[in-house]
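# Could you work out the structure for the sequence below:
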Amino acid sequence: MSAQRRKTGRRRRPSRRRIGRTLLITGCVLTAVAGGTAWYVYRNLVSSIGSSKALEGAEKSAHGDVNVLLMGLDSRRDQNGDPLPDEVLDKLHAGSSDIGGYNANTMILLHVPADGSRAKAFSIPRDDLVAIPGHGKDKIKKAYGLAKAAKEDQLSSQGVNDRRRLEQEGREAGRRAQIDTVRNFLGVPVDHFAELNLAGFYHLADALGGVPVCLNKPVKDRWSGADFPAGRQELDGRQSLAFVRQRHGLEMGDLDRTKRQQAFLAGATQKLNSAGTFTDPVKLVRLIDTAKKDVVTDSGWDLLSFVKQAKNLSGGKVQFMTLPIEGFGRNHGEDINVVDDMKIKRLIAEQIGPRTTATPSAPGATSSSPSSSPSSSPPSSPSTSPSSSSPPASPPPRDSRSQDAQPQPQKGSIDGGGIPCVD
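You can find the predicted model right below:
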């Protein structure tokens, strides 16, 4: 065999440079595929979740801080106004689709500082008597439903009879009114919002494979269907809804229910992070499918950025607080919470800083007052409510228990394992 044939028949080993180039190209391809998948998931998320223009033109927080209003509707209807299926209503222990209306029974303002410091969540009791734009004083939860009904009446008088249009435009009016009412009451901007219907708690808990909560003592309530032992436990969808809806049998009624909502939110956030939902495509897609059915957000919200930020909101990194009331009263034959608007604005300004206030000249927005401490609590028992036709001039005595949903551990108390234990 000639030297030439021996030379051409010899197999050449790939050079290190060629191997490196191949690995680099492969890596680029994989990165592109991964990036494309992430972009597809994100685009699918944004396009499929209900989008609202209720915040268009609204003033934003300064310095990168973000205020998110979480609204839970006590509605037994879906986003199109159609009744929820009977089998779903049965699981929810929620009665017929005609019950509930469009009250915003859950309102939590989540403040996320731009500097990465501890986030704060403020629960607004649903029966607080406040000024509703264009309506006068009424329970804060009613702003949504009142505006929705007024808009639908207006459209109907103009000859509009398309049910879908009436529902959609009515809900948009309701969102704007609810957001405006909360913004005026607290004296701060609302940068984004998320609206969840009654079935949302059910679907969210199931999508997460259960939500961890902790109870200080066992409870059983036939009205909500709540029947739980004391201690830490994981609740499925049906149990989660019963957990957040119970008010009968709780010492402070509705005010204790706000702590249940806070505890559910804390547990869901921890589960989101600990279960690897943000990094597991299958779990993330399942969560997206849940959001499609039950969630509406503002159209200008960069959800991908917030999801990355939300990963840092678990593990006790959110301080929960229920806004204080001054007493109980009656308004137009209904039980209401008496509130001090000025005190509420001062409290919010002290807690999240006056730099985020929507109007620096708002009463009490930049001043401080010892009476607006976050430890301020409502009266010791709803049974002291007067039966007058107007709010009481002087509220009943108040106790000194903290409104924080994450109380300091005490000797003999139940360990929730990072989850706040509530009544």
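# in the stretch 151-300 of the chain, which ranges drop under the pLDDT threshold?
For the stretch 151-300 of the chain, the stretches flagged by pLDDT under 70 are 275-279.
# Mind jotting down where the strands sit in it?
Under the criterion DSSP state E, counting those that start in this stretch, the stretch 151-300 of the chain contains strands at 192-196, 211-215, 219-221, 226-228, 231-235, 295-298.
# Mind listing the strands the last one pairs with, and their directions?
The one in question is strand 295-298. The pairing partners recorded for strand 295-298 under DSSP bridges are strand 50-52 (parallel), strand 192-196 (antiparallel).
# I would like the residues contacting the last one, please.
By CB atoms under 8 Å, 6 or more residues apart in numbering, the list of residues contacting strand 192-196 from outside reads 50, 52, 54-55, 66-73, 106, 175, 179, 204, 294-298, 300-301, 306. C-beta coordinates here come from the backbone N, C-alpha and C atoms, glycine included.
# next one: stretch 287-302
41, 44-45, 48-56, 78-79, 171, 175, 192-197, 199-200, 203-204, 206-208, 272, 277, 303.
# And the helices in the stretch 51-200 of the chain, which stretches?
For the stretch 51-200 of the chain, the helices defined by DSSP state H, counting those that start in this stretch cover 86-92, 143-157, 163-186, 198-207.
# Name the residues of the longest one that come out as buried.
Neighbour-count burial for helix 163-186, with 16 or more other CB atoms under 10 Å as criterion, is recorded at 166-186.
# Check which helices and strands that helix sits against.
Contacts defined by 3 or more CB pairs under 8 Å, 6 or more residues apart in numbering; DSSP states H and E place helix 163-186 against strand 66-73, strand 104-112, strand 129-132, helix 143-157, strand 192-196, helix 341-352.
# mind saving the C-alpha coords of the second one as CSV?
Output in CSV follows, covering the C-alpha atoms of strand 104-112 (Å, rounded to 0.1, in the frame of the first residue of the first chain):
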residue,chain,number,x,y,z
ALA,A,104,-65.8,42.7,46.4
ASN,A,105,-65.8,40.6,49.6
THR,A,106,-62.0,40.3,49.6
MET,A,107,-59.7,43.4,49.2
ILE,A,108,-56.0,43.2,49.9
LEU,A,109,-53.6,45.9,48.9
LEU,A,110,-50.1,44.3,48.4
HIS,A,111,-47.2,46.8,48.6
VAL,A,112,-44.0,45.5,47.0
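# Give me the sheet partners of that strand and which way each runs.
Here, using DSSP bridges, strand 104-112 pairs with strand 66-73 (antiparallel), strand 119-123 (antiparallel).
# need the ones you listed in JSON lines with mean pLDDT, mean neighbour count and distance to residue 339, can you?
Listed next are these as JSON lines, based on pLDDT from 0 to 100; neighbours: other CB atoms under 10 Å; distance: least, CB to CB, whole Å:
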{"stretch": "strand 66-73", "mean pLDDT": "93", "mean neighbour count": "23", "distance to residue 339": "18"}
{"stretch": "strand 119-123", "mean pLDDT": "93", "mean neighbour count": "23", "distance to residue 339": "13"}
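# thinking again about what came up before, could I get the helices of the stretch 51-200 of the chain in JSON lines, plus columns for distance to residue 113?
Below are the helices of the stretch 51-200 of the chain laid out as JSON lines (distance: least, CB to CB, whole Å):
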{"stretch": "helix 86-92", "distance to residue 113": "36"}
{"stretch": "helix 143-157", "distance to residue 113": "27"}
{"stretch": "helix 163-186", "distance to residue 113": "16"}
{"stretch": "helix 198-207", "distance to residue 113": "25"}
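# now for the ones you listed, which one comes closest to residue 231?
Closest to residue 231 of the helices of the stretch 51-200 of the chain, according to CB to CB: helix 198-207, at 18.2 Å.
# what angle sits between that closest one and strand 66-73?
For helix 198-207 against strand 66-73, the angle by axes from the mean of the first three to the mean of the last three CA atoms, to 10 degrees is 110 degrees.
# by contact count, what packs against helix 198-207?
Short answer (3+ CB pairs under 8 Å, 6+ apart): helix 198-207 packs on strand 66-73, helix 86-92, helix 237-245, helix 254-274, helix 281-294.
# can you tell which of these is closest to residue 353?
Of all the helices and strands packed on helix 198-207, strand 66-73 comes closest under CB to CB, at 11.5 Å.
# Now do that closest one: everything it contacts.
With contacts defined as CB under 8 Å, 6+ apart, strand 66-73 is touched by 61, 100, 102-112, 114, 144, 175, 178-179, 182, 188-198, 200-201, 244, 261, 265, 306, 309, 352, 356.
# 6 Å - rerun?
61, 102, 104-112, 182, 188-197 (CB atoms under 6 Å, 6 or more residues apart in numbering).
# Report the beta-bridge partners for residue 51.
Beta-bridge partners, per DSSP bridges, of residue 51: residue 297.
# picking that back up, how about the helices of the stretch 51-200 of the chain, which one is nearest residue 340?
Comparing the helices of the stretch 51-200 of the chain by CB to CB, helix 163-186 comes nearest, at 11.2 Å.
# which residues are in contact with the closest one?
So helix 163-186 is contacted by 52, 54, 69, 81, 104, 130, 132-133, 143-144, 147-148, 151-152, 155, 190, 348 (CB under 6 Å, 6+ apart).
# Counting neighbours, what do you get for residue 108?
By other CB atoms under 10 Å, 21 other residues sit near residue 108.
# No further questions, thank you.
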